[in-house]
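Peer 1: When you get a sec, could you give me coordinates for this:
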Amino acid sequence: MKTVFIDWNLIPYAEAWQQQTEWFDGIVRAKAEGEPYENHIIMCEHPHVYTLGRSGKENNMLLSEEQLKAIDATLYHIDRGGDITYHGPGQLVCYPILNLEEFRLGLKEYVHLLEEAVIRVCASYGIEAGRLEKATGVWLEGNTSRARKICAIGVRSSHYVTMHGLALNVNTDLRYFSYIHPCGFIDKGVTSLRQELKHDVPMDEVKQRLEGELRILFQCQAAKYGA
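Peer 2: Predicted coordinates:
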């Protein structure tokens, strides 16, 4: 099946969630009925928003409803795995809505592939990034006291179809992470490409690099099985 890359630019979270859900439900239905469908990989940014996953703890949000309004942010309880995270301008969010059966991928291998794409993007900017045991996402100096997360990952999968995805801090205002315990961690920091490189990074350039790595990784996976 065809995989389409789409750039939504800056889009309200609720609108993006609704469109994701429609495409997700469409693929699940098409698979069940043997009809054609398209996979989608979406790139976008959001206005300031916090999302709390199914297993998230309310007390990892440190602000009241009134305080959220004061910083022009909203909070959504959503149907992905993981705890609380932040999305906002300057952060590249990627939502793959895919049938994993096409790529013979289980959920663990799929998350590993998303992490690998981000690790390669970071490497293209001279930043050494990697994984941290028992902590999904992409980290810098993960096994030290200076561990800091540059990319969060939280996905939903049903009938081998995915939605939600990853959030890579590019030029993100990191102050917004101080209002939460990011992904439930209270002893680890967050960072961004800008923070590490000490200058702004063109968002369009990062989008192109991430798309390129995802194309390579998914095509290589599909080629293994003659898809």
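
Peer 1: so who does the residue nearest the centre of the chain touch?
Peer 2: Centroid-nearest residue in the chain, with Cα atoms, centre = their mean: L166, separated by 0.9 Å. Residues in contact with L166 (Cβ atoms under 8 Å, 6 or more residues apart in numbering) are 93-94, 114, 118, 151-153. (Each C-beta comes from the backbone N, C-alpha and C, glycine too.)

Peer 1: buried set for the strand or helix carrying K149?
Peer 2: Secondary-structure element containing K149, defined by DSSP states H and E: strand 148-158. Under the neighbour-count criterion of 16 or more other Cβ atoms under 10 Å, strand 148-158 has 148-157 buried.

Peer 1: Over to stretch 14-22?
Peer 2: Going by neighbour count (16+ other Cβ under 10 Å), the buried part of stretch 14-22 is 16-17, 19-20.

Peer 1: Just the CA coordinates for that stretch, please, in CSV.
Peer 2: Provided in CSV are the C-alpha atoms of stretch 14-22 (Å, rounded to 0.1, in the frame of the first residue of the first chain):
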residue,chain,number,x,y,z
ALA,A,14,-7.9,18.7,18.8
GLU,A,15,-8.1,19.1,15.0
ALA,A,16,-5.0,16.9,14.5
TRP,A,17,-6.3,14.3,16.9
GLN,A,18,-9.7,14.1,15.1
GLN,A,19,-8.1,13.7,11.7
GLN,A,20,-5.7,11.1,13.0
THR,A,21,-8.6,9.1,14.5
GLU,A,22,-10.6,9.2,11.2
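
Peer 1: contacts for that stretch?
Peer 2: Around stretch 14-22, the neighbours that count as contacts under Cβ under 8 Å, 6+ apart are 8, 42, 44, 46, 76, 78, 93, 95, 97, 163-164.
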